[in-house]
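Q: Here you go, sequence then predicted model.
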Amino acid sequence: MVNIVAQRQTAVELDLSSEIYRENLAFWEKAWSGVTRPYKQLPQLSYVPRIPADLKEKGVKKVLDLGCGSGWLSIYLCREGFQVTGVDVSAQAIKLGKIWAREDGHTIDFQVSDIETMEFEEDSFDAVVANSIFEHFPLNMSRDIAERIFKMLKPGGVFIGCFDNVGGGPGEYFELEDGTHVYTDPMRKGMLLRRYQNQELHDLFKDFSSIKIEEVDAGSNYLTAVK
């Protein structure tokens, strides 16, 4: 299907009560609804082994996996000896993660939670990881998430995120003023997709003491930020 930009919205920012955001939440639950068994194959990405290696180098023990889906990264980090909490907005995805952990004998705290409203105390985690998550939020919401991450991390804590080099992809969509695509076709209705530029990433994590961005698979960015 050819990409179709149906219209350009005048509103710069979304909020949690907007119809667009509600449709986004519905999209993720629908996307996971037909999956009945966890897919236990790890993605073939060059940076995946770096995540536990970088965390170990910084002495990390307790990790929060944002947008964990059915739990592949949570499981992987648990195998590597970390204490892991995984959160995802989809109840079905979390159910799959729990099945996987139970079948493989892992103890992981899987929770259903919207990243935009999750509640963890300040200084709760040594590290937060987010693999291909921010791309599904508009810029203003990503700012809120980055601020939440900063507060949840202990002093000296680390954030590791992979930001995909996303394009439009197939389907029909319109754009918000910040460039976020809002899909309207039946297959992707409600999904948000946005490509983040390097300067935007630096701005998002400006409160951290250090930020490092490296290009990895297919032009994606591997970001490490230390509080």
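A: Noted; the coordinates are in hand.

Q: mind checking the end-to-end distance for stretch 122-137?
A: 23 Å (CA to CA, to the nearest Å).

Q: and what of stretch 70-85?
A: End-to-end distance for stretch 70-85, by CA to CA: 13 Å.

Q: Quick check: buried residues in it?
A: Using 16 or more other CB atoms under 10 Å as the test for burial, stretch 70-85 gives 70, 71, 72, 73, 74, 75, 76, 77, 78, 82, 84, 85. Glycine gets a C-beta too; all of them are placed from N, C-alpha and C.

Q: What of stretch 190-198?
A: Judged by neighbour count using 16+ other CB under 10 Å, the buried positions of stretch 190-198 are 190, 191, 192, 193, 194, 195, 196.

Q: residues touching residue 33, list them.
A: residue 92 (CB atoms under 8 Å, 6 or more residues apart in numbering).

Q: Against residue 65, how distant is it?
A: 21 Å (CB to CB, to the nearest Å).

Q: Also residue 92?
A: Taken as CB to CB, the span from residue 92 to residue 65 is 17 Å.

Q: more neighbours, these two?
A: Neighbours were counted for residue 92 and for residue 65 using other CB atoms under 10 Å; residue 65 has more, 31 against 19.

Q: Would it be right to say that the more buried one lies in a strand?
A: Yes. Secondary structure assignment places residue 65 in a strand (DSSP: H, G, I helix; E, B strand; the rest coil).

Q: Any idea what it is bridged to?
A: Note on residue 65: beta-bridge partners by DSSP bridges are residue 86, residue 129.

Q: before we move on, back to that, which ones among the buried residues of stretch 70-85 map onto strands?
A: 84, 85 (DSSP state E).

Q: Tell me which two in the buried residues of stretch 70-85 are the farthest apart.
A: Greatest spatial distance in the buried residues of stretch 70-85: 70 and 82, 18.0 Å, computed using CB to CB.

Q: Find me the pLDDT at the closest residue to residue 42 other than its chain neighbours, would you?
A: Nearest residue to residue 42, sequence neighbours excluded (CB to CB, 6 or more residues apart in numbering): residue 72, at 5.7 Å. Predicted confidence (pLDDT) for residue 72: 98.

Q: how about residue 72, what does it touch?
A: Residue 72 neighbours (CB under 8 Å, 6+ apart): 39, 40, 42, 43.

Q: ok, now residue 55?
A: Contact analysis of residue 55 by CB under 8 Å, 6+ apart lists 63, 77, 82, 126, 127, 129, 158, 160.
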